[in-house]
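**Q** Okay, here's the prediction I keep looking at, along with the sequence it came from:
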Amino acid sequence: MKRLLTVFLTLMGLAIMAAGCGTEAAKSAAGAESSGSAQAASSKVQTISSDAVRPSRITKIRLTFAGGEAVAELYDNPTSRDLVSMLPLTLNFKDFNGTEKIAYPPRKLSTEKAPEGFDPSEGDLTLYAPWGNLAIFYHDFRYSQGLVSIGHFTSGLEAIAKMNGEFAVRIEAVNE
């Protein structure tokens, strides 16, 4: 009887472990199916939120200008990595549409693997791919095709928003 109980408990333990492994495999398969669906839908307009592009590794940049300093965390994507490859960099920013400050890097940034558009919020750092300009949103704005999310400001956005006219900004990577 003791031996039968031991065998039964051993089989139950194995069954529970197998069920757990099966659940993980099912999750992986579901994830793969989701990826396939996302690729199939790539011809549709894609809206992403800042949460969808959170960094797997954080790179911070510091923007220094006459009115102060600002810091942004960059998302880990080809566009932000291309921007970092140009640093340090000094650009002239100006206001655009009472919503964002824009500047043109010396060359267009990569848009590899970028979604078709983005819905920016206050504090978002983006690239407007059709024109090739960086955009710092100090007010919310609507979804815009061609807008690529690069990062989000963690400090100093108010100082940038207060800047008038054209102003020089030194952008450099922050070493931590």
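**A** Alright, I've got the coordinates.
**Q** Poorly predicted segments of this structure, please.
**A** For the chain, applying pLDDT under 70 flags the ranges 1-58, 176.
**Q** That one: strands as residue ranges?
**A** With strands called from DSSP state E, the chain shows them at 59-65, 68-74, 89-96, 100-103, 117-118, 124-128, 133-137, 144-145, 147-155, 167-174.
**Q** possible to save those strands as a markdown table with mean neighbour count and distance to residue 80?
**A** No exception for glycine: its C-beta is placed from N, CA and C like everyone else's. Formatted as a markdown table, those follow (neighbours: other C-beta atoms under 10 Å; distance: least, C-beta to C-beta, whole Å):
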| stretch | mean neighbour count | distance to residue 80 |
| --- | --- | --- |
| strand 59-65 | 19 | 7 |
| strand 68-74 | 19 | 4 |
| strand 89-96 | 16 | 13 |
| strand 100-103 | 22 | 15 |
| strand 117-118 | 24 | 13 |
| strand 124-128 | 24 | 8 |
| strand 133-137 | 23 | 11 |
| strand 144-145 | 14 | 18 |
| strand 147-155 | 22 | 5 |
| strand 167-174 | 16 | 11 |
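**Q** what domains does the record give for this protein?
**A** Here the domain assignment for the chain is 2-43, 50-174, based on automatic domain parsing.
**Q** sorry, back to before: relative to residue 109, which of the strands of the chain is closest?
**A** Of all these, strand 124-128 sits nearest to residue 109, with 5.4 Å by C-beta to C-beta.
**Q** what packs against that closest one?
**A** Applying 3 or more C-beta pairs under 8 Å, 6 or more residues apart in numbering; DSSP states H and E, we find strand 124-128 packed against strand 133-137, strand 147-155.
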